[in-house]
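>>> Predicted model and sequence below, questions to follow.
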Amino acid sequence: MPVTIVTDSTASLPAELAAERGIVVVPLQVVIGAEVLDEGPDGATPELVAAALKEWKPVSTSRPGPATLLEVYEQAARDGATEIVSVHLSGDMSGTFESAQLAARDASVRVVPIDTRQVGFATGFAALAAADAVDAGATADEAAEAARARAAASSSLFYVDTLEYLRRGGRIGAAAALLGGALAVKPLLHIEDGKVASLERVRTSARALGRLEELAVQRAGEQAVDVCVAHLANPDRAGQLSERLAERLAANLEGREVWCGELGAVLGAHVGPGMIAVCVAPRD
């Protein structure tokens, strides 16, 4: 394929779907104690991360270095790519986009790095939008614009049991974490301009999930959308939420399902067990 799409493992694309669409996925790493694991079914899994966090083991994450991404680009070139669109999570949340920029300078083919300013499935939907554009005959620049447009239109909403994990990872201020703990509130958050931002605070988990549902329906509006519900060690509540959204957004989904599953290990390491996220991604 003349244009190849590359993304990172935080995009949460199922392996079969990525392979079917010809999208190359580069793993980030999770460090549990002294053990360094690639994110994926044979390395760092959501279950492994959730268990480590519950035991308060030290858990951190690491981006792929420029050399790793350069090798991915060179392999794509050897496989026939003449241009590459490299779609990644927000540069304010990870250095992966910076690694892509550095690797692009030395690649033997043209690489267009994309900072989606998003995380999780919103980044995945952006990569899929780029793949759709390529399948329709788009150039690398046109595919890159399709990825940027879908990422900008998407909403990433999530509930966490505590802000402590985000505070430890430097993704949210200590004052916000202290306030949440002091008042025993349940925070609703979203991604705003590439960063984690407070959306609302409610008193109970049930109320938080109810608000997630309402906000997802509001963001969908009258548009055709794709919707994903992700969780870390909270499958029952995530499943119930996905069922309600599937019923309420049936017209918007146009026959597609609300995908429901576990959040990736890297993102899970920063939000902690109990988290539930909803991504609403309007279709072009």
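Looks like it came in fine. Computed from a predicted model, the values in this text were never measured in an experiment.

>>> residues of the helix or strand containing residue 143 that come out buried?
For residue 143, the host element (DSSP states H and E) is helix 140-153. For helix 140-153, burial by neighbour count (16 or more other Cβ atoms under 10 Å) applies to 140, 142, 143, 144, 145, 146, 147, 148, 150, 151, 153. The way it works is simple: take the backbone N, C-alpha and C, and place the C-beta from them, glycine included.

>>> all helices of the stretch 1-150 of the chain, in order?
With helices called from DSSP state H, counting those that start in this stretch, the stretch 1-150 of the chain shows them at 15-21, 46-54, 66-78, 96-106, 121-135, 140-153.

>>> Please apply the same query to the stretch 151-284 of the chain.
Going by DSSP H, counting those that start in this stretch, the stretch 151-284 of the chain shows helices at 164-168, 174-183, 205-220, 235-248, 250-253, 265-271.

>>> can you tell me the average pLDDT over the first one?
So that's helix 164-168. Helix 164-168 shows a mean pLDDT of 77.

>>> coming back round to it: deepest of the helices of the stretch 1-150 of the chain, which one?
helix 121-135 (a mean of 27; mean count of other Cβ atoms under 10 Å).

>>> which helices and strands sit right next to that one?
strand 3-8, strand 23-26, strand 83-88, helix 140-153, strand 155-159, strand 225-231, strand 276-282 (3 or more Cβ pairs under 8 Å, 6 or more residues apart in numbering; DSSP states H and E).

>>> Put together CSV for those, with mean pLDDT and distance to residue 240 on each row.
Formatted as CSV, the helices and strands packed on helix 121-135 follow (pLDDT from 0 to 100; distance: least, Cβ to Cβ, whole Å):
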stretch, mean pLDDT, distance to residue 240
strand 3-8, 98, 30
strand 23-26, 98, 30
strand 83-88, 98, 31
helix 140-153, 98, 27
strand 155-159, 95, 13
strand 225-231, 97, 10
strand 276-282, 97, 10
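
>>> and the ones you listed as CSV, adding distance to residue 120?
Below are those laid out as CSV (distance: least, Cβ to Cβ, whole Å):
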stretch, distance to residue 120
strand 3-8, 11
strand 23-26, 14
strand 83-88, 12
helix 140-153, 11
strand 155-159, 6
strand 225-231, 6
strand 276-282, 6
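
>>> Which among those is found nearest to residue 266?
Evaluated over those, closeness to residue 266 peaks at strand 3-8, with 8.6 Å, by Cβ to Cβ.

>>> What strands line up against the closest one, and which way round?
Here strand 3-8 is paired, per DSSP bridges, with strand 23-26 (parallel), strand 83-88 (parallel).

>>> So which of the helices of the stretch 151-284 of the chain is the most surrounded?
The most buried one of these (mean count of other Cβ under 10 Å) is helix 265-271, showing a mean of 28.

>>> Can you list the neighbours in contact with it?
9-10, 12, 28-30, 39, 44-46, 48-50, 53, 59-61, 119-120, 158, 160, 165-166, 169, 171, 232, 262-263, 275, 277 (Cβ atoms under 8 Å, 6 or more residues apart in numbering).

>>> Equivalent analysis for stretch 209-224, please.
155, 157-159, 188, 199-200, 202, 227, 237, 240-241, 244-245, 248-249, 252-254, 276, 278, 280, 282-283.

>>> can you check stretch 136-152 too?
Outside of stretch 136-152, the residues that reach it under the criterion Cβ under 8 Å, 6+ apart are 3, 5, 83-85, 87, 110, 112, 114, 116-118, 122-123, 125-134, 281-282, 284.

>>> tell me the most buried of the strands paired with strand 3-8?
That would be strand 83-88, which, of these, has the most neighbours on average (mean count of other Cβ under 10 Å), namely a mean of 30.

>>> how far is that strand from where the chain is centred?
Relative to the chain's own centre, strand 83-88 is displaced by 16 Å; criterion: Cα atoms, centre = their mean, to the nearest Å.
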